[in-house]
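1. After the sequence you'll find the predicted model.
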Amino acid sequence: MPSDESESPMGARSLPFPAATPLTVAAMTARRLAEYLEFGGDPVRAGKDIQSFADQHGDAAVPALIEGLSDIDLSSVLRQYDLTATSPIQQAISPDRFAALVEMEYKYASSDYAELRGMLSGVLFAESHAGADDRTIECLEAVVWQPHALELLAGMLLRHAETEVLNFWLYGSFRVSATDPEHDIWLTDCLNGHAPLDIDVVRSRAASSTGDYPDAEPDDVPYDWERGEADTRFGMADGDLQQLCWLLREYHEDFFMDMMLQILHMLIQRNRVLKDRA
């Protein structure tokens, strides 16, 4: 008589072992990865294992997998895995989880902020380099509320895009070089410590709006809106950092101004150190 039961090698009857569900497979894989990383495993290899898991079980199963990893383990993967290539981690990680991992960089960031730079580019701009998708905005919203986001982003931008960021703040364009004598003189005095600096000054010196273009050129030629948008939002050597600046100014203007104040203070401090060494 047919039966769902099966015979064991010893002749005893046993119930069939239930098939593993995607959740149980994800939990088992997460435990295996955690043990591997705990004993000195290669985070790059772990990232590739997550990719293989997604290939086998589908991207929809990845959130359950990374949920089983600690922040330390997931951070080590994000910091070292090459996120310039498509990775299921990019879309699986929640904005709040990503922001918490960014905050951890306050303790672990290298002097050149290379890992933070890679994490931001890999996750914020995973879908679109236009930088306007909802997920990018949600992730950035979560990041800016972290306690040390200001210091982290200012330090990273200072080392990667100092000139372009200053141009963007003062003139609303990454391509424009400083051409206003008043701005030039003030900025020089500021960086030399000869001009007062506070948030009100930073706001007063900022370009009025990143999207506030005139209706016509000086010679009454209709304004080229497409070129104006390109000058405002594009043009920096590092496109992802440029997008980051644009999004901060567009959606988090108070944070952007505070960040510019932080960058200026850091530049002033650096100039003082250089003078003391001279």
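-> Structure's in. What do you need?
2. quick one, what contacts Gln91?
-> Shown in contact with Gln91 (Cβ atoms under 8 Å, 6 or more residues apart in numbering): 59, 62, 126-127, 135. Any C-beta I mention is one placed from the backbone N, CA and C, and that applies to glycine too.
3. Now the helix or strand where it lies: buried residues?
-> Per DSSP states H and E, Gln91 falls inside helix 88-92. For helix 88-92, burial by neighbour count (16 or more other Cβ atoms under 10 Å) applies to 88-90, 92.
4. Tell me the one among those nearest to Ala46.
-> Ile89 (10.3 Å; Cβ to Cβ).
5. circling back: ok, of the contacts of Gln91, which come out buried?
-> Using 16+ other Cβ under 10 Å, the buried ones in the contacts of Gln91 are 62, 126, 135.
6. Where is pLDDT lowest across the residues you listed?
-> Lowest pLDDT of these: Ala126, 73.
7. phi, psi of the spatially most central residue of the chain?
-> Per Cα atoms, centre = their mean, the C-alpha nearest to the average position across the chain is that of Leu120, at 1.9 Å. When read as degrees, to the nearest 10, the backbone of Leu120 gives phi -60, psi -50.
8. excluding its backbone neighbours, what's nearest it?
-> Leu244 (6.6 Å; Cβ to Cβ, 6 or more residues apart in numbering).
9. residues in contact with that neighbour?
-> Leu244 sits in contact with 120, 124, 131, 140, 153, 157, where contact means Cβ under 8 Å, 6+ apart.
10. For the longest helix along the chain, which helices and strands make contact with it?
-> Ranked by residue count under DSSP state H, the longest helix found in the chain is helix 253-277. Identification of packing neighbours for helix 253-277 by 3 or more Cβ pairs under 8 Å, 6 or more residues apart in numbering; DSSP states H and E yields helix 149-160, helix 162-171, helix 181-191, helix 199-205, helix 239-251.
11. buried sites along the shortest one?
-> Along helix 199-205, these residues count as buried under the neighbour rule (16+ other Cβ under 10 Å): 202, 205.
12. do the third one as well
-> In terms of neighbour count (16+ other Cβ under 10 Å), helix 181-191 has its buried residues at 186-187, 190-191.
13. neighbouring contacts of it?
-> 166, 170, 178, 195, 197, 205, 264, 267-268, 271.
14. which residues of the stretch 101-250 of the chain score low on pLDDT?
-> Filtered on pLDDT under 70, the stretch 101-250 of the chain yields the residue ranges 127-132, 176-179, 209-237.
15. Try it again at 90.
-> 118-119, 121-135, 159-164, 167, 170-188, 190-197, 207-241 (pLDDT under 90).
16. isn't Asp205 right next to Tyr171, touching?
-> One thing to correct before we go on: residue 205 is Arg, not Asp. No: using Cβ atoms under 8 Å, Arg205 is not in contact with Tyr171, being 10.3 Å away.
17. Turn the helices and strands packed on helix 253-277 into JSON lines, including distance to Phe39.
-> What follows is the helices and strands packed on helix 253-277, written out as JSON lines (distance: least, Cβ to Cβ, whole Å):
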{"stretch": "helix 149-160", "distance to Phe39": "30"}
{"stretch": "helix 162-171", "distance to Phe39": "41"}
{"stretch": "helix 181-191", "distance to Phe39": "49"}
{"stretch": "helix 199-205", "distance to Phe39": "48"}
{"stretch": "helix 239-251", "distance to Phe39": "34"}
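18. Go through these and name the closest to Arg45.
-> Comparison of the helices and strands packed on helix 253-277 against Arg45 by Cβ to Cβ identifies helix 239-251 as nearest, at 25.6 Å.
19. distance of Ser76 from Val44?
-> 10 Å (Cβ to Cβ, to the nearest Å).
20. Who has more neighbours out of these two?
-> More crowded of Ser76 and Val44, by other Cβ atoms under 10 Å: Ser76, with 22 against 13.
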